[in-house]
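Student: Need coordinates for the below:
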Amino acid sequence: EIAGDIRKLGSTIKDGRVFVSESDSRGGGGGSAVRILVAGNDPEKLNELSEQVRDTISRVAGVTDARTDWALGQPEVQINVDHNRTAHYGISVKDVADTARAAINGENAGIFRDGDKEVDMVVRLAGSNTMDIYNLENLLVATNGSTIALGQVASIDYGSGPKSIRREGKQRVITVTAGVKDRPLGDVMGDIRRDLAKVDMPMGYSVKYTGQDQSMRESFSELGAALVLSVVLVYMVLVMLYESFITPLIRMLSLPLGIVGALTALALTNNNLNIFTLIGIIMLDGLVAKNGTLLIDYTHTLMEKGRNLREALIEAGNTRLKPIIMTTITMVAGMMPTALSITEGAENRSGMAWVIIGGLITSTIFTLFVIPVVYTLIDDWRNRRKSKKEVLHTHQA
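Tutor: The predicted structure follows:
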């Protein structure tokens, strides 16, 4: 809200622009949500393209404070060396640079000692700090056995250069940055990629997306791999425990049932998928599975005592209903303060808490109905398959 007020104040300033960099309450750096590198070789063309990229992304809904890091530095004297002429006279660009530097800045000629004092002796052209720049054209540059005027191999003029030159992959780059407001970063970046795809990039120039967008994509990829790995490892452990490949699959139905509730909770609370909510989904793999484990384990115990599957499932559901609901209520109540963002700095973790709450609720409700039904269907399929094998074996006999 404060940043918004400052932007409104900045819009009233005539012939000026105000940029706002926001940081969170935990003292983290402001950082830019959108960070795009425009790379190329020609400085003027690169600056032109970076401004085009800046103007393009500034029109995307949710983007604020779009700008580039390119800026003109102090006025400077530019000595532009003609390489063909230096080659003709048998001198190098370094010879020209060393001569100009010695004449203007001076060269260290040794140290003057006066008792305990030491003073550097610098020799430079007399009046070099007050001379007109065009007098530099008469500066003599030593060649092989002779001298030539600097003006014969270089042109001298006023100009200005950038405050800094950044390179990546041996190419000059200009960084375009912007903030994001009132929209998820993923949605904003999707619109930016779509709009920048329409910008005509000359050969040798490119656009690279970095910053929070790159970090988010890398984190999503790593967390997705962690989720898959956790599911596979849990399944492997359950296969060894149940000594079956089918029973663990029935028990693991709790996870998709929980994810349905997690995504629903995110939608109802106006949260989006981010690092914290993905961590919450990974946590669900262990939390919601306890419902299916309690139900299936007690069902197997009853079947070992002689009950058929239907009777065992009904009794297991009645017996395990109370501990399942008690543990779910305990975890939901424990997550509620974080979900409601009661404590300072809990806003980022709020989405993770809602994921767990929504996943636990739907998993608890659906597990008591879905797992018994699926277990019954699979048992019926096994019995039919066993009957067909027995009939086939009888005919063959």
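
Student: OK, contacts around the nearest residue to Pro184 once chain neighbours are set aside?
Tutor: Computed as C-beta to C-beta, 6 or more residues apart in numbering, the closest residue to Pro184 that is not its neighbour in sequence is Asn272, at 4.6 Å. In this view, the C-beta of every residue, glycine as well, is placed from N, C-alpha and C. Shown in contact with Asn272 (C-beta atoms under 8 Å, 6 or more residues apart in numbering): Pro184, Gly186, Leu266, Gly351.

Student: For the second one, which three-state class applies?
Tutor: Translated: Gly186. helix (DSSP: H, G, I helix; E, B strand; the rest coil).

Student: tell me the contacts of it?
Tutor: Here Gly186 is in contact with Met216, Asn272, Leu273 (C-beta under 8 Å, 6+ apart).

Student: Name the nearest residue to Arg166, ignoring sequence neighbours.
Tutor: Counting by C-beta to C-beta, 6+ apart, the residue nearest Arg166 is Val173, at 5.2 Å.

Student: just checking, that neighbour is part of a helix?
Tutor: No. Secondary structure of Val173 (three-state DSSP): strand, not part of a helix.

Student: Any idea what it is bridged to?
Tutor: Ala39, Arg166 (DSSP bridges).

Student: Wait, it touches Leu37, no?
Tutor: Yes. Val173 is in contact with Leu37 according to C-beta atoms under 8 Å; the separation is 4.8 Å.

Student: if we can go back for a sec, buried only: go through the contacts of Asn272 for me.
Tutor: Buried members of the contacts of Asn272, counted by 16 or more other C-beta atoms under 10 Å: Leu266, Gly351.

Student: Which of the contacts of Asn272 sits closest to Thr277?
Tutor: The closest of the contacts of Asn272 to Thr277 turns out to be Gly351 (C-beta to C-beta; 4.3 Å).

Student: Kindly provide the distance from the closest one to Gly280.
Tutor: The spacing between Gly351 and Gly280, counted by C-beta to C-beta, to the nearest Å, is 7 Å.

Student: again, but for Pro248
Tutor: According to C-beta to C-beta, Pro248 and Gly280 sit 23 Å apart.

Student: quick one: low-confidence parts of the protein?
Tutor: Counting by pLDDT under 70, the chain shows low-confidence ranges at 16, 22-31, 72-73, 128-130, 161-163, 343-346, 393, 395-397.

Student: residue closest to the middle of it?
Tutor: When C-alpha atoms, centre = their mean is applied to the chain, the residue found nearest the centroid is Ser215 (2.0 Å).

Student: Three-state assignment for it, please.
Tutor: Ser215 is classified as helix under three-state DSSP.

Student: Which residue ranges of the stretch 1-150 of the chain form helices?
Tutor: Secondary structure of the stretch 1-150 of the chain (DSSP state H, counting those that start in this stretch): helices located at 2-11, 43-58, 83-89, 93-104.

Student: Export those helices as CSV, with columns for mean neighbour count and distance to Ile111.
Tutor: Formatted as CSV, the helices of the stretch 1-150 of the chain follow (neighbours: other C-beta atoms under 10 Å; distance: least, C-beta to C-beta, whole Å):
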stretch, mean neighbour count, distance to Ile111
helix 2-11, 12, 54
helix 43-58, 17, 41
helix 83-89, 13, 34
helix 93-104, 16, 18
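
Student: Serialize the ones you listed to JSON lines and add fields for distance to Gly110.
Tutor: Listed next are the helices of the stretch 1-150 of the chain as JSON lines, based on distance: least, C-beta to C-beta, whole Å:
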{"stretch": "helix 2-11", "distance to Gly110": "56"}
{"stretch": "helix 43-58", "distance to Gly110": "40"}
{"stretch": "helix 83-89", "distance to Gly110": "30"}
{"stretch": "helix 93-104", "distance to Gly110": "14"}
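
Student: Outside of stretch 110-127 itself, list whatever touches it.
Tutor: Taking C-beta under 8 Å, 6+ apart as the rule, stretch 110-127 contacts Ala102, Ala103, Ile104, Asn105, Gly106, Glu107, Asn108, Ala109, Met131, Leu139.

Student: ends of it, how far apart?
Tutor: Its first and final residues considered, stretch 110-127 spans 21 Å by C-alpha to C-alpha, to the nearest Å.

Student: Number the residues from 598 up from this point.
Tutor: Sure thing, new numbering starts at 598, so read that last one as stretch 707-724.

Student: Would you check how far apart Leu835 and Ala630 are?
Tutor: According to C-beta to C-beta, Leu835 stands 41 Å off from Ala630.

Student: and what of Asp713?
Tutor: Counting by C-beta to C-beta - Asp713 and Ala630 are separated by 59 Å.

Student: So between these two, which is more surrounded?
Tutor: The neighbour comparison of Asp713 against Ala630 (other C-beta atoms under 10 Å) goes to Ala630, with 22 against 5.

Student: you'd agree Gln809 is up against Leu782?
Tutor: Yes. Using C-beta under 8 Å, Gln809 is in contact with Leu782, at 6.2 Å.
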